[in-house]
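>>> this one's sequence-less:
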């Protein structure tokens, strides 16, 4: 493996471009991510207009962001597993199931946070 030669702002710019590439791939190939992005956009508009404290707004925003982060991690796990071998293996299935659980738990947490703050 070739050592990473970029430093400073060039390294940050390269990291940004890699992240953009990953984001664009998710938007194009992952329906769940697109749905969660739509939920995030709707939630963000609610957060802007709802009359709650700054801390509560931060909690609402963070819970939605956590869903996106969990979906990115879940997709990364799935991509690595699929890259390793297309054949089914029990541990590969378990890794994918655990990634899915991560997303489900983040959604459950968001539901709890939103319910406690808005109800």
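Received the coordinates, thanks. Just so it is clear, the structure is predicted and the values come from calculations on it, not from any experiment.
>>> could you point out the longest helix in the chain?
If you go by DSSP state H, the chain has its longest helix at helix 54-84.
>>> How far off centre is it?
In terms of CA atoms, centre = their mean, to the nearest Å, the centre of helix 54-84 is set 2 Å apart from its chain centre.
>>> Show me what that helix is packed against.
In terms of contacts (3 or more CB pairs under 8 Å, 6 or more residues apart in numbering; DSSP states H and E), helix 54-84 is packed against helix 8-29, helix 31-49, helix 90-118. Placement of C-beta: from N, CA and C, glycine included.
>>> same thing but 7 Å
In terms of contacts (3 or more CB pairs under 7 Å, 6 or more residues apart in numbering; DSSP states H and E), helix 54-84 is packed against helix 31-49, helix 90-118.
>>> starting at the chain centroid, how far to stretch 21-35?
So, by CA atoms, centre = their mean, the centroid of stretch 21-35 is 10 Å from its chain's centroid.
>>> measure that stretch end to end?
19 Å (CA to CA, to the nearest Å).
>>> between the longest helix of the chain and helix 31-49, how big is the angle?
Counting by axes from the mean of the first three to the mean of the last three CA atoms, to 10 degrees, helix 54-84 lies at 170 degrees to helix 31-49.
>>> Could you pull out the buried residues of helix 54-84?
Under the neighbour-count criterion of 16 or more other CB atoms under 10 Å, helix 54-84 has 56, 59-60, 63-64, 66-68, 70-72, 74-75, 77-78, 81 buried.
>>> from these, which is closest to residue 16?
residue 72 (15.6 Å; CB to CB).
>>> for the closest one, what are its contacts?
residue 26 (CB atoms under 7 Å, 6 or more residues apart in numbering).
>>> could we number from 811 for the rest of this?
Will do, 811 is the new start, and the previous item becomes residue 882.
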